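Undergrad: From the sequence below, what's the structure:
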Amino acid sequence: MFSSVALAALAALAVTSAQTVAEQRSTLEAQLSSLNAQQPVQQPRRDLGPSSPEMSATNQDLHLRLPRQGDMRVTRQVEVNVGERLASIESTLIPSILATAQIDAREAAFNATLTVFNGMNGRMDRLSESLEARIATSEATVTSQMAEIRAASSVQAVALQQAITATLGSATQSIATAMAAAETSQSTAMAAAETSLGASSLSLARQLTRTESALDTTISQALVSVQSSITHINVTVNTALAGKADAAVHMWTGGCANTAGDGWQEYCLNQAHVDTARPFFMKHTNSRFRVLQDGYFQVNYWVTYRACNWVYHCIIVNGQNKVHGQQRAGYHESGSSWRDIHQHMLFPIQSGWQFWGRTYAGCWTAYYSTNIRGEHSRITAMYQGVWNR
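TA: The predicted structure follows:
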């Protein structure tokens, strides 16, 4: 649907096009009349004209021949692109109309704001006048009340001063009388106290002597009892602490990052995954642990191997096999396949001793290397508690 502005512009364009066509038609008819007037008249021969209309062109001239009774009509076809014209008209007129409408709207809003401000100014003026009247009334009231208060205060001050003077006089007389009586009483009491104090001092000295002797005896007995109790408590606490497990975990876990061949092989310790062993034990050599404090220790030792016959798997403490396992798998009994073997031990070990793991394979591989994930082989040693031997 076209807007009313676009339709009005289209109607104006149609009227202009019709006027242009009419003017061009009048011009062509005038040119044809001039051409007919310029044609020479041949008298003996009468030209009856062609039987049908003829048209030819010479240089830039256009020649038309019509039958005598024929009429010439000139029609010009004008092509108008309505869409483009409408777009042009809308792009020119609509922004101008919108701008005008926005200006009118802003002007109306501004006028309305001014009207509101004018009304607010009137209200503020009236409010200011009302406040000024109330302030004037309050000031008059306060002034009157202050005058009344001053008058009443003067009368009360005079009466209060007279009462205070009378009271001070009476109090001074009473205080003087009381002080005289007190001095007399004090002198009498001091004399009596000096007499009584002489007799009491001797009695008190004797009683203090007896009390000090009894206290010395009681304190000596209490000290002996307390010392005995402290000794018993120390023994009990030391015993309890000695039997109490450490809350922290002291362990070493890891293994050998190298693969060993056949024969007897001590499991190496060149890759530690966790090491919190101290102060109870430590890694002493590349393949052995050393105990630093007496205690119970747990050892778990396993490897993956490949052998053609006998395999031995041991945990050794101070040069002695404390765990010694064996198995045999011949070549035709799938001995060439990778297998794993495990040993576990919980044993009391004294300070200064060593312990380690050792494996034997008749051929091929005694153990396969470990990795950071603990695959293929591993040894884990852990302190478990105090050894009361």
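Undergrad: okay, CA-based contacts and neighbour counts for the rest of this
TA: Fine.
Undergrad: Look up how far S51 lies from A87.
TA: 50 Å (Cα to Cα, to the nearest Å).
Undergrad: same thing with F297?
TA: 139 Å.
Undergrad: Just want to know which of those two has more residues nearby.
TA: In terms of neighbours (other Cα atoms under 10 Å), F297 is the more surrounded of F297 and S51; the figures are 22 against 12.
Undergrad: Leaving out chain neighbours, which residue sits closest to that one?
TA: Y383 (4.7 Å; Cα to Cα, 6 or more residues apart in numbering).
Undergrad: Give me the packing partners of the strand or helix carrying that neighbour, helices and strands only.
TA: Assessed by DSSP states H and E, Y383 sits inside strand 377-385. Applying 3 or more Cα pairs under 8 Å, 6 or more residues apart in numbering; DSSP states H and E, one finds that strand 377-385 contacts strand 251-255, strand 295-305.
Undergrad: got the angle for the one helix or strand V274 maps to vs strand 251-255?
TA: Taking DSSP H and E as the criterion, V274 maps to strand 271-275. Interaxial angle of strand 271-275 relative to strand 251-255 (axes from the mean of the first three to the mean of the last three Cα atoms, to 10 degrees): 160 degrees.
Undergrad: send the alpha carbons of strand 271-275 over as CSV?
TA: Taking Å, rounded to 0.1, in the frame of the first residue of the first chain, the C-alpha atoms of strand 271-275 are listed here in CSV:
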residue,chain,number,x,y,z
GLN,A,271,62.2,-43.5,41.0
ALA,A,272,60.4,-42.2,44.2
HIS,A,273,56.7,-41.5,43.8
VAL,A,274,56.1,-40.6,47.5
ASP,A,275,58.8,-40.1,50.2
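Undergrad: before we move on, the earlier item: mind saving the C-alpha coords of the strand holding Y383 as PDB?
TA: The C-alpha trace of strand 377-385 is given here as PDB (Å, rounded to 0.1, in the frame of the first residue of the first chain):
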ATOM      1  CA  SER A 377      56.500 -53.100  39.400                       C
ATOM      2  CA  ARG A 378      56.600 -51.200  42.700                       C
ATOM      3  CA  ILE A 379      57.900 -51.400  46.300                       C
ATOM      4  CA  THR A 380      56.000 -49.600  49.200                       C
ATOM      5  CA  ALA A 381      57.500 -49.400  52.700                       C
ATOM      6  CA  MET A 382      55.500 -47.800  55.600                       C
ATOM      7  CA  TYR A 383      56.200 -47.200  59.400                       C
ATOM      8  CA  GLN A 384      53.300 -48.800  61.400                       C
ATOM      9  CA  GLY A 385      54.000 -48.100  65.000                       C
END
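Undergrad: isn't M382 right up against Y301?
TA: No. Using Cα atoms under 8 Å, M382 makes no contact with Y301, being 11.8 Å away.
Undergrad: Compare neighbour counts for these two and give me the winner.
TA: More crowded of M382 and Y301, by other Cα under 10 Å: Y301, with 23 against 20.
Undergrad: what's the spacing between the more buried one and T380?
TA: The gap separating Y301 from T380 is 7 Å, by Cα to Cα.
Undergrad: where exactly do the helices run in this structure?
TA: With helices called from DSSP state H, the chain shows them at 4-38, 82-243.
Undergrad: Least reliable of the ones you listed by average pLDDT, please.
TA: Lowest mean pLDDT within the helices of the chain: helix 4-38, a mean of 68.
Undergrad: What is the burial count for V311?
TA: 23.
Undergrad: What residues are bridge-paired with the closest residue to it other than its chain neighbours?
TA: With sequence-adjacent residues excluded and distances taken as Cα to Cα, 6+ apart, V311 is closest to A361, at 4.7 Å. The partner list for A361 in beta bridges (DSSP bridges) reads G263, V311.
Undergrad: What are the neighbouring residues in contact with A361?
TA: A361 is in contact with 261-264, 305-307, 309-312, counting by Cα atoms under 8 Å, 6 or more residues apart in numbering.
Undergrad: What does the pLDDT read for Q42?
TA: At Q42, the predicted lDDT confidence score is 52.
Undergrad: Residue ranges of each domain in the protein, please.
TA: 1-25+83-211, 251-385 (automatic domain parsing).
Undergrad: Among those, pick out the one with the most neighbours on average.
TA: Mean neighbours per residue, mean count of other Cα atoms under 10 Å, is largest over those for domain 251-385, with a mean of 19.
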